[in-house]
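> quick check, what structure comes out for this input:
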Amino acid sequence: METLIAFWSILRKDIKNYYLKPPNISWGIIFPLSWTLMQLIRSSGNIGIVELLPGLMGMSVLFGTTSMLAVTITFERKSSSFDRLLLAPISIGILVLAKILGAILFGIFNAFIPVIFVAFLVNLNGIKWSLTLIAVILIAVTSALLGLLVAVSVEEVFEAQTLSNFFRFPMLFLCGLFIPLDRLPILLKPISFSLPLTYGVDMLNSAVMGISNFNTLFSIFLMFVFIILLFYLCKRNIEKKWIL
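Reported below is the predicted structural model:
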């Protein structure tokens with residue numbers, strides 16, 4: 001019971017102090033909306049925007065979760081407020097879960113901003129919503145863990161932002177968000193297959209357009225493998241670098 005109370009207290013504090021702030025809420029709406037409008041302008045009609053919807057959703061989750069978590073964790077570490085959390089009578093695993101859950105919820109919220117906007121323009125009845133939700137959740141979890149991994153690897157906020165962009169922007173082109181995997185050069189495909197976002201976006205493509213490169217169960221399995229691996233790396237780095 002005490003663990004549950006501590007978990008909820010950390011989550012509630014993060015949501016109140018970070019994610020419910022007007023600038024963050026507006027950023028969470030404006031960023032995916034601006035990308036959707038930009039793609040709508042350059043796309044050839046309604047069919048084009050539907051084809052771009054999986055990429056817009058995946059990108060919104062990726063940038064929303066990694067940006068918020070990498071910056072907030074780095075800021076808390078710099079101000080020593082994270083050190084006080086490490087003194088709480090809860091395990092490191094529970095602490096990590098509590099810190100990433102707010103970013104996961106924020107990323108899921110971001111993902112459906114393009115969907116709401118596109119729904120006013122085209123009919124989305126053909127989308128498999130259950131698979132879409134599963135894909136969005138898995139992308140949000142892996143992206144949040146990537147953001148946390150960045151946060152535990154740097155000391156300054158600007159370093160977190162720089163390192164985040166170092167892997168986020170290449171992922172826009174390597175993970176099938178806007179460029180199909182079969183169009184990638186053969187030398188880049190191994191890198192693409194080693195990134196969790198590739199399989200999450202493939203699931204979104206399957207849910208929205210019925211087109212996929214991988215079996216859905218295989219993609220879900222690999223996403224869970226990435227989640228376990230990233231969670232272990234984050235937990236290990238926190239114990240190694242932040243606990244004396």
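> all helices of this protein, in order?
2-14, 22-42, 45-78, 81-86, 92-119, 129-151, 157-174, 189-193, 196-209, 216-241 (DSSP state H).
> need the nearest residue in space to Leu69, chain neighbours excluded.
Nearest residue to Leu69, sequence neighbours excluded (Cβ to Cβ, 6 or more residues apart in numbering): Gly147, at 3.6 Å. For glycine as for every other residue, the C-beta is placed from the backbone atoms N, C-alpha and C.
> got a pLDDT number for the one you found?
According to the per-residue confidence, Gly147 scores 83 in pLDDT.
> state the distance from it to Phe112.
For Gly147, the distance to Phe112 under the criterion Cβ to Cβ, to the nearest Å works out to 20 Å.
> so for these two, which sits in the more crowded spot?
Taking Gly147 and Phe112 together and counting by other Cβ atoms under 10 Å, Gly147 has the greater number of neighbours (31 against 17).
> so the more buried one sits right up against Thr65, yeah?
Yes. At 5.7 Å, Gly147 counts as touching Thr65 under the criterion of Cβ atoms under 8 Å.
> shared neighbours of the two, anything?
Shared between the contact lists of Gly147 and Thr65 (criterion: Cβ atoms under 8 Å, 6 or more residues apart in numbering) are residues Ala103.
> sorry, back to before: let me have the helices of the chain in CSV, adding distance to Pro180 as columns.
Written out in CSV, the entries for these read as follows (distance: least, Cβ to Cβ, whole Å):
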stretch, distance to Pro180
helix 2-14, 37
helix 22-42, 15
helix 45-78, 10
helix 81-86, 41
helix 92-119, 19
helix 129-151, 17
helix 157-174, 11
helix 189-193, 11
helix 196-209, 9
helix 216-241, 16
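> what's the separation between Glu51 and Phe112?
For Glu51, the distance to Phe112 (Cβ to Cβ) stands at 18 Å.
> meant to ask about Ala151
Going from Ala151 to Phe112 by Cβ to Cβ gives 25 Å.
> before we move on, what about Ala207?
Using Cβ to Cβ, Ala207 is found at 13 Å from Phe112.
> for Arg12, same thing?
Distance of Arg12 to Phe112, computed by Cβ to Cβ: 23 Å.
> with Ser60 instead?
Spatial separation of Ser60 from Phe112 under the definition Cβ to Cβ is 9 Å.
> go on, Leu101?
As for Leu101, its distance to Phe112 is 18 Å (criterion: Cβ to Cβ).
> cool, and Thr198?
Remark: distance between Thr198 and Phe112 (Cβ to Cβ) = 21 Å.
> hang on, Leu124 packs against Val115?
Yes. Distance between Leu124 and Val115: 7.1 Å, which falls inside the contact criterion (Cβ under 8 Å).
> more neighbours, the two?
Taking neighbours as other Cβ under 10 Å, Leu124 and Val115 compare with Val115 leading, 20 against 14.
> separation between that one and Ile227?
Distance of Val115 to Ile227, computed by Cβ to Cβ: 23 Å.
> great, nothing more from me.
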